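*Asks:* Structure for this input, please:
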Amino acid sequence: MPTDKNTLRQKLRARRRALSTEEQKEAASRLATNVTGSRLFLASRRIACYLPNDGEIDTHPILAHIRLMQKDCYLPVLSRLSHDRLWFARMETDTKLHPNRFGIPEPVVPSRDLVRAQELDLILMPLVGFDDHGHRLGMGGGYYDRSLEFLRHRHHWRKPHLLGIAYDFQRVNGLTADPWDISLASVITDQAVYLFD
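*Replies:* Purely as a prediction, here's the structure:
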């Protein structure tokens, strides 16, 4: 695997987009089983997830489990003021969605109904790649890192917990962490559970 982050992003994104519909469906089902059976998931009440984009592993089976288990489900929403951070909107069965500037569907809710990451128990995070130290390679925009920057100043109370979800082939060797990167507590894939804490 290449070590340059942009090249690595391109290769991993191409690989996940190349999966057949059947491969995607099977992986999403296995991922949902692994995530919803995890200690972090079971202990959490307010859970943020995301809608898949650009070949990301399908989260719809996880979203269905969140509803089935009567947990509170949230989706990320780009900040309407600073445009560089994420807020989170509660997702109900009748919540309307509208594409943001990247074409990713977001809940359409009043600003007063948006919550900060600090108010969540668990965030299921998208990623392009991850390594054995919990370093996450994202799409390069830094939205999650900026929105979770407060976690770098905490030493004990670590809410929300950060759980990356991905295909197992997105695991790579030795990502170089930038000073602003926020590490993950664990990553769950369609094949395995990786714990870093």
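
*Asks:* which stretches of this protein form helices?
*Replies:* For the chain, applying DSSP state H gives helices covering 5-17, 21-36, 39-43, 60-68, 143-147.

*Asks:* From Glu56, how far out is the spatially most central residue of the chain?
*Replies:* Taking C-alpha atoms, centre = their mean, the centroid of the chain lies closest to Met125, which sits 1.3 Å from it. Distance, Met125 to Glu56, using C-beta to C-beta, to the nearest Å: 11 Å. Just so you know, the C-beta spots here come from the backbone N, C-alpha and C atoms, and that holds for glycine as well.

*Asks:* on that earlier part again, run through the bridge partners of the residue nearest to the centre of the chain.
*Replies:* For Met125, the beta-bridge partners under DSSP bridges are Gly164.

*Asks:* Return the set of buried residues in the lowest-mean-pLDDT helix or strand in the chain.
*Replies:* Ranked by mean pLDDT, DSSP states H and E, the weakest helix or strand in the chain is helix 143-147, scoring a mean of 88. Buried residues in helix 143-147, counted by 16 or more other C-beta atoms under 10 Å: 143-145, 147.

*Asks:* and the residue lying closest to Arg17 once chain neighbours are set aside, how many neighbours?
*Replies:* Among residues not flanking Arg17 along the chain, Gly55 sits closest, at 3.7 Å (C-beta to C-beta, 6 or more residues apart in numbering). If you count neighbours by other C-beta atoms under 10 Å, Gly55 ends up with 17.

*Asks:* pretty sure Gly55 contacts Thr21?
*Replies:* No: the pair Gly55 / Thr21 is not scored as a contact, 11.7 Å apart, by C-beta atoms under 8 Å.

*Asks:* any chance of the buried residues of helix 143-147 in JSON lines, plus distance to Pro105?
*Replies:* Compiled in JSON lines, these are given as follows (distance: C-beta to C-beta, whole Å):
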{"residue": "Tyr143", "distance to Pro105": "16"}
{"residue": "Tyr144", "distance to Pro105": "18"}
{"residue": "Asp145", "distance to Pro105": "22"}
{"residue": "Ser147", "distance to Pro105": "18"}
